[in-house]
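Colleague: Show me the folded form of this:
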Amino acid sequence: MELSDISALDYDDPAPMTHAVDYEHPFATMMASFDEAADRLGLDPDIYSILRKPDREIQVSLPVQLDDGTLRVVEGYRVQHNAGLGPYFGPLRIQAGVRMDELRALAGWMTWKCALLDIPFGGAAGGIRLAASRHSRGEVERAVRRYVGSLIGDIGPERDIFSSDVATDENVMAWVMDTVSMHARHTENAAVTGKPLALAGSHGHADSVAQGLRTVLGQVLTSSGFKQGGARIVIQGAGMRGGNLAQLLVTDGHKIVGLSDVHGALYDERGLDIQRLLAWRAEHGTLRGAPGNFERITNEEMLVRPCDVLIPCAVAGTVHLRIARQLQAKIVVEGAHGSVSSRADRVLSELGVRVVPDILATGGGAVVNYFEWVQNRAGYSWTAETVQERLLHFMTVAWDEVSKLAAEHDVSLRMAAHMLAVRRVSQADGLRGIYA
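Modeller: Numbers count the residues shown, from 1 in each chain. As a prediction, this is how the structure comes out:
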């Protein structure tokens, strides 16, 4: 592929710009894994040419009336990557710096993740180019509703299902559902996942990614010869994903020796008091200033501190080439899409560091979103225990399949996961054929 021909959006200029993307970029990271998997599988060139590009890319302009009565036009996007296995499915984010090439990467990851977990969805991703924190709730709501209205012919429970992401909490997803429903003239709760329980959301949604990470971590620790409980773990991110995971892992007997948020990191080789730190963060909105006898260091410093397992749950490219060369962790579990860049991944492989890829490790969120869609379609709500039991089953089966394929082909977990996912999607596209 030609990485020099990737469209993106500059953070300050709403107009698309073309620029070269380096190999540390999320889109390059996603495509590197896909290309290698396709090559190892001997993928048919015609199927390869289909899968290497999204099916559709949609851009809309959204006039939004601000609280002072003035009008502002913001941009909205939706990338629909592949629908071979079923309707498109993927996150909606509200972010000032949202870029089209990052959405392409995210949509691709969603395609591979759903295929890997045997979920009958294709991948998609969307964004509204707006700094939600700088606008009132009413302004954000008007932007979201206009965005949904502009895409109404391209989304829905059988076309493209939205899930939550950056700055799109369950209330935002409720606005999405309501807007789709108003256009349909009946309630379309299956068009959106991540909704409040009162609006046909699912039990287990809030900590679904953390529960999936917990399951996969248990599997990789066992297969790597670690005893259950007692691992020294560093987690980057203390929000819904990282914070929930930290609490779960402490319950399992592990030591969280490092924890961070955007303002900095805390490290103590004896183990941090996670409950106390998260209570402080819930009250103050940050780990900054939290009392305790631990080191206060930067995020980068924390990443390279000694530990058994590093779990980056923040942003893409956290473990880049320079970090990889200094890493002291024995295992890296990607807690966010593209946490390890393609170059860093090669270095970690050479160093013998085992990496659990994002499309497997973060699969719990996609699984429970799928459960919500199924419940909405059936009109029947599952208990929290049922959701947890079925989530564990999906994650364990995916781990077993990836581990088996990795052993059979003598490849990394990342390559095995992508080979399995690409094979499933390519088979579906091949069986469906080309409509012309």
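Colleague: So Ala428 sits against Cys114, correct?
Modeller: No - between Ala428 and Cys114 there is no contact under C-beta atoms under 8 Å: 11.0 Å. In short, each C-beta sits where N, CA and C put it, glycine included.
Colleague: Compare those two (neighbour count), which wins?
Modeller: A side-by-side neighbour count of Ala428 and Cys114, using other C-beta atoms under 10 Å, places Cys114 first with 29 against 18.
Colleague: list residues touching both of Ala428 and Cys114?
Modeller: Common contacts of Ala428 and Cys114 (C-beta atoms under 8 Å, 6 or more residues apart in numbering): Leu85.
Colleague: For stretch 343-351, list the C-alpha coordinates in CSV.
Modeller: Below are the C-alpha coordinates for stretch 343-351, written out as CSV (Å, rounded to 0.1, in the frame of the first residue of the first chain):
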residue,chain,number,x,y,z
ARG,A,343,7.7,-0.5,14.7
ALA,A,344,7.5,-0.9,18.5
ASP,A,345,5.8,-4.3,18.0
ARG,A,346,8.7,-5.6,16.0
VAL,A,347,11.2,-4.4,18.7
LEU,A,348,9.2,-6.1,21.5
SER,A,349,9.1,-9.3,19.5
GLU,A,350,12.9,-9.2,19.2
LEU,A,351,13.2,-8.6,22.9
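Colleague: Could I get the buried residue list for it?
Modeller: 343-349 (16 or more other C-beta atoms under 10 Å).
Colleague: Stretch 237-245 now?
Modeller: 237-238, 240-245.
Colleague: Can you tell me what sits against it?
Modeller: In contact with stretch 237-245 (C-beta under 8 Å, 6+ apart) are residues 206-207, 209-210, 213-214, 235-236, 246, 259-261, 277-278, 281, 287, 311-314, 335-336.
Colleague: Among the residues you listed, which ones are in strands?
Modeller: Within these, residues falling in strands by DSSP state E are 235-236, 259-261, 311-312.
Colleague: Need the max-distance pair from these.
Modeller: Pairwise distances across those peak at 14.2 Å for Asp261 and Ile311 (criterion: C-beta to C-beta).
Colleague: more crowded one of those two?
Modeller: Ile311 (29 against 21).
Colleague: Give the bridge partners for that one, please.
Modeller: Ile235 (DSSP bridges).
Colleague: That one contacts Ala231, correct?
Modeller: No - the pair Ile311 / Ala231 is not scored as a contact, 10.6 Å apart, by C-beta under 8 Å.
Colleague: model confidence over the strand or helix carrying Val425, on average?
Modeller: Here Val425 sits within helix 413-432, counting by DSSP states H and E. For helix 413-432, mean pLDDT is 96.
Colleague: how about it: buried residues?
Modeller: For helix 413-432, by 16+ other C-beta under 10 Å, it's 413-426, 428-429.
Colleague: I'd like to know which elements that helix is packed against.
Modeller: helix 26-41, helix 45-51, helix 100-116, strand 354-356, helix 358-361, helix 384-409 (3 or more C-beta pairs under 8 Å, 6 or more residues apart in numbering; DSSP states H and E).
Colleague: what angle sits between the last one and helix 26-41?
Modeller: Going back to what we said before, that points to helix 384-409. Calculated by axes from the mean of the first three to the mean of the last three C-alpha atoms, to 10 degrees, helix 384-409 forms an angle of 60 degrees with helix 26-41.
Colleague: The third one too?
Modeller: The directions of helix 100-116 and helix 26-41 differ by 40 degrees, with the same axes, to 10 degrees as the criterion.
Colleague: Helix 100-116: what's the following helix or strand?
Modeller: With DSSP H and E, the next secondary element past helix 100-116 is strand 122-128.
Colleague: ok, the closest residue in space to Glu334 that isn't next to it in sequence to Leu213 distance?
Modeller: Residue nearest to Glu334 in three dimensions, not counting chain neighbours: Asp358, with 3.9 Å by C-beta to C-beta, 6 or more residues apart in numbering. Distance, Asp358 to Leu213, using C-beta to C-beta, to the nearest Å: 10 Å.
Colleague: Verify the stated contact: Ala131 with Val98.
Modeller: No - Ala131 is beyond contact range of Val98, at 10.3 Å (criterion: C-beta under 8 Å).
Colleague: Flag the shaky bits of the protein, pLDDT-wise.
Modeller: 1-24, 436 (pLDDT under 70).
Colleague: for Arg78, what are its contacts?
Modeller: Arg78 neighbours (C-beta under 8 Å, 6+ apart): 56-58, 103, 124-126, 151, 154-155, 160.
Colleague: try it again with 6 Å
Modeller: Going by C-beta atoms under 6 Å, 6 or more residues apart in numbering, Arg78 touches 58, 126, 151.
Colleague: Provide a list of residues in contact with the closest residue to it other than its chain neighbours.
Modeller: Distance criterion C-beta to C-beta, 6+ apart; nearest residue to Arg78, sequence neighbours excluded, is Gly126 at 3.9 Å. Counting by C-beta under 6 Å, 6+ apart, Gly126 touches 77-78, 92.
Colleague: try Arg354
Modeller: Ile331.
Colleague: Quick check: Arg296 vs Phe89, distance?
Modeller: Using C-beta to C-beta, Arg296 is found at 40 Å from Phe89.
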